[in-house]
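**Student:** just the structure for this:
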Amino acid sequence: MIYSMTGFGRGEFSNEAFDVTLEIKSVNNRYCDIIIKMPKKLNVFEDRIKNRIKSKLSRGRIDVYINLEEKAYDNYEVKANFDILDKYVKVYREIQARYQLRDEMSLSMLTRIQEGIDVSYLERGEEDFWNAIEPALDTALSRIEEMRAQEGAQLKNDILAKVANIRATLKLIEVHAPRIVENYRAKTRERIADLLLDMNAELDEMRLANEIAIYADKTNINEEIVRIYSHLEQIDAILTDTEPVGRKLDFLVQELNREINTIGSKSPDIDISNLVIGLKSDIEQIREQIQNIE
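**Tutor:** Take a look at the predicted model:
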């Protein structure tokens with residue numbers, strides 16, 4: 001499957017301790033360049049996050065934004081210190097009995113005793129944070145993969161359309177190619193005949209044949225056409241590959257451009273030259289699309 005390098009994915013996760021929002025944006029890049037912006041307390045997870053992303057996305061400039069909010073007081077534990085409270089109650093009752101007081105002890109009285117209630121902060125472990133980040137990350141990756149796949153399918157269809165155009169144009173070039181030598185033969189014979197007429201000499205057919213043969217060899221574009229067809233077949237095959245194919249396609253487009261330039265430089269035929277311009281336009285459009293492919 002063909003994947004674009006452009007996409008966006010968002011993932012969210014909440015539990016009793018955290019609210020996490022994670023976004024991933026990707027654009028074209030020759031390599032896999034991952035930039036993560038997140039709270040400093042999460043820096044310990046940078047390598048883990050990058051490795052998870054690289055297992056799904058192989059190329060592109062990938063920006064990751066992580067927002068994590070801890071829920072207030074979720075990690076505080078409050079307990080009654082009954083050892084202290086029992087001692088206070090015992091002393092209150094002794095005072096009450098000794099002085100025969102009628103006032104009763106109340107909840108509000110006991111809770112005002114500072115040592116009677118213990119408040120402790122529970123440190124969160126790394127895995128507590130990761131267990132909140134991971135599902136948000138996986139959701140964002142799933143969504144960005146889906147978007148990249150959709151755009152990749154569109155790129156594939158567009159490239160295949162351009163490849164079909166190139167094949168059709170090559171067929172036209174193959175029709176025009178034999179005319180190159182024939183036109184040269186006719187013009188050369190006519191030019192030499194005019195010169196020999198003034199000189200009252202005869203045409204040397206052998207020398208003319210040699211001249212035509214040399215010219216035919218210099219202007220022959222059959223090899224270039226065969227190689228172009230071969231490159232197009234390779235593109236068709238690569239577009240069905242399951243691995244990242246952007247670099248392979250980029251190389252093939254360079255080779256296609258080289259062969260087409262050679263055809264243009266070899267052929268003096270105006271019709272072929274115009275067809276070559278069309279080929280270059282298709283190749284350039286394919287090259288631009290390939291820059292988006294993973």
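**Student:** okay, strands next: where are they in the stretch 1-150 of the chain?
**Tutor:** 7-14, 18-27, 32-37, 60-70, 76-80, 117-121 (DSSP state E, counting those that start in this stretch).
**Student:** please save the CA atoms from the fourth one in CSV.
**Tutor:** Coordinates of each C-alpha in strand 60-70 appear next as CSV, following Å, rounded to 0.1, in the frame of the first residue of the first chain:
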residue,chain,number,x,y,z
GLY,A,60,8.5,12.4,7.1
ARG,A,61,8.9,15.4,9.3
ILE,A,62,6.8,14.3,12.3
ASP,A,63,5.7,16.8,15.0
VAL,A,64,4.2,15.4,18.2
TYR,A,65,2.4,17.5,20.7
ILE,A,66,1.5,16.0,24.1
ASN,A,67,-0.6,17.7,26.8
LEU,A,68,-1.0,15.9,30.1
GLU,A,69,-3.0,17.2,33.0
GLU,A,70,-2.9,15.6,36.4
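**Student:** which secondary structure elements does it contact?
**Tutor:** Strand 60-70 is packed against strand 18-27, strand 32-37, helix 46-54, helix 126-199, with contacts defined by 3 or more C-beta pairs under 8 Å, 6 or more residues apart in numbering; DSSP states H and E. To be clear about C-beta, it is placed using only N, CA and C from the backbone, and glycine gets the same treatment.
**Student:** quick one: buried residues of the shortest one?
**Tutor:** The neighbour-count criterion (16 or more other C-beta atoms under 10 Å) identifies 32, 34, 36 as the buried residues of strand 32-37.
**Student:** nearest to residue 219, of the residues you listed?
**Tutor:** residue 32 (45.9 Å; C-beta to C-beta).
**Student:** need the helix or strand of the protein with the lowest average pLDDT.
**Tutor:** Within the chain, no helix or strand scores below helix 205-219, which has a mean of 68 by mean pLDDT, DSSP states H and E.
**Student:** which pLDDT value goes with residue 184?
**Tutor:** Looking at residue 184, its pLDDT stands at 63.
**Student:** to clarify, my last question referred to residue 195.
**Tutor:** pLDDT, residue 195: 58.
**Student:** what of residue 272?
**Tutor:** 87.
**Student:** can you tell me which of the strands of the stretch 1-150 of the chain is most buried?
**Tutor:** strand 18-27 (a mean of 20; mean count of other C-beta atoms under 10 Å).
**Student:** angle of that one against strand 7-14?
**Tutor:** Strand 18-27 runs at 180 degrees relative to strand 7-14, counting by axes from the mean of the first three to the mean of the last three C-alpha atoms, to 10 degrees.
**Student:** mean confidence for strand 18-27?
**Tutor:** On average, strand 18-27 scores 96.
**Student:** check contacts around residue 19.
**Tutor:** With contact set as C-beta atoms under 8 Å, 6 or more residues apart in numbering, residue 19 has these partners: 12, 13, 68, 69, 71.
**Student:** so where's the protein shaky on pLDDT?
**Tutor:** Residue ranges of the chain with pLDDT under 70: 72-76, 120-123, 181-205, 207-209, 211-213, 215-217.
**Student:** domain-wise, how is it divided?
**Tutor:** According to automatic domain parsing, the chain comprises the domains 7-72+125-149, 76-121, 151-290.
**Student:** rebuild those domains as a markdown table, extending it with distance to residue 1.
**Tutor:** As requested, the domains of the chain are exported to a markdown table (distance: least, C-beta to C-beta, whole Å):
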| stretch | distance to residue 1 |
| --- | --- |
| domain 7-72+125-149 | 6 |
| domain 76-121 | 49 |
| domain 151-290 | 6 |
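**Student:** quick check: phi and psi at the residue nearest the centre of the chain.
**Tutor:** Central residue of the chain (C-alpha atoms, centre = their mean): residue 5, 2.1 Å from the mean position. With angles defined as degrees, to the nearest 10, residue 5 sits at phi -90, psi 0.
**Student:** cool, residue 269 as well?
**Tutor:** Taking degrees, to the nearest 10 as the convention, residue 269 sits at phi -70, psi 130.
**Student:** okay, now it: neighbour count?
**Tutor:** 19 (other C-beta atoms under 10 Å).
**Student:** separation between it and residue 172?
**Tutor:** 11 Å (C-beta to C-beta, to the nearest Å).
**Student:** for residue 101, same thing?
**Tutor:** Taken as C-beta to C-beta, the span from residue 101 to residue 172 is 115 Å.
**Student:** neighbour-wise, which of these two wins?
**Tutor:** Counting neighbours by other C-beta under 10 Å for residue 101 and for residue 172 shows that residue 172 has the greater number, 14 against 11.
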